[in-house]
Structures are given as C-alpha cells and as structure tokens.
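In: Make a model of this:
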Amino acid sequence: MTKKYERQPPGDVRAFAVGGNLLWPNMALSEFFVVLALCRRGPSTSAEVAREVSTWLDTPLPPGGLKRTLHVVAGLGWAHHTEGVYAIRSEGIKIMRSCHVAYMRMLSDGPAHPDAAVLKCCIEKSERS
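Out: Here you go, the predicted structure:
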C-alpha cells in the first residue's frame, strides 16, 4: 500500500486554481520532472523515467535515482504504481496542465527583450559546453 503524503507546512498555501485546475506551489522540481516524464512516456519503470529526465538535464541519473520521488508522486495521487511500473493519473495530468498554463503566462507577460536576452544567453552557454 502506498502511503499518502501531506505536504502542508503551517501557514503555507496548499494549492490554488490555475486554468481551472489546482496547482501545488510546493511541488519539488524532481516531482515536476517525474510527472512530466510520465505524461510524455506513458506507463514507465523508474529506470525509464530516470533515462528520460537524464536527457533533459544532460546528466546521467542512476536507474533508481528518482524512485523515491516516484513513490511520493504516487502517494500524492498523481500517479499509480503497480509491479514496478508507474502510470500517470488524471490528477497528475491536471497538475501538469496547470503548470504549463502558469509558465506560459509568466513567459508571455512583460517586455519581450529580457526574455529573449535570457534565452539567447542560455543557448550560447549550452552551445559552448
């Protein structure tokens, strides 16, 4: 049985609505990575999720490197775990949808020049490495 995790520090906002869905402001970056990987790949093992996230980070992760995070995500009800395979649930899809809505609003707001400058800097740095 998967333990349900409550991530609610005293006085912190637990969740708020974005685009009609709930967004959890205290989602860890590793949780974001594994939920997005499950949305993109479909049912996957811990090793498959780690391999997918490794490509995004351009850094190899050990096959079981995200196993604890996958367990947390399953405990939060965002994914389902059966016999070593994790699958996204509708709640996990809603979380990702909310994140994407919020990110698009953040990136499209304000003057375009600073965003373009940051993007150009990131691309140049990536090409040098």
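In: got a list of what Glu48 touches?
Out: Arg41 (Cβ atoms under 8 Å, 6 or more residues apart in numbering). Quick note: C-beta positions are derived from backbone N, CA and C, even for glycine.
In: got a pLDDT number for it?
Out: Glu48 carries a pLDDT score of 97 in this model.
In: By residue count, which helix of this protein is the longest?
Out: Of all the segments of type helix in the chain, defined by DSSP state H, the longest one is helix 90-108.
In: That one packs against which elements?
Out: strand 16-18, strand 21-23, helix 29-41 (3 or more Cβ pairs under 8 Å, 6 or more residues apart in numbering; DSSP states H and E).
In: What is the neighbour count of Ile95?
Out: Neighbour count for Ile95, taken as other Cβ atoms under 10 Å: 28.
In: Can you read off the pLDDT for it?
Out: So Ile95 comes in at 81 (pLDDT).
In: Same question for Met106.
Out: What the model reports for Met106 is a pLDDT of 74.
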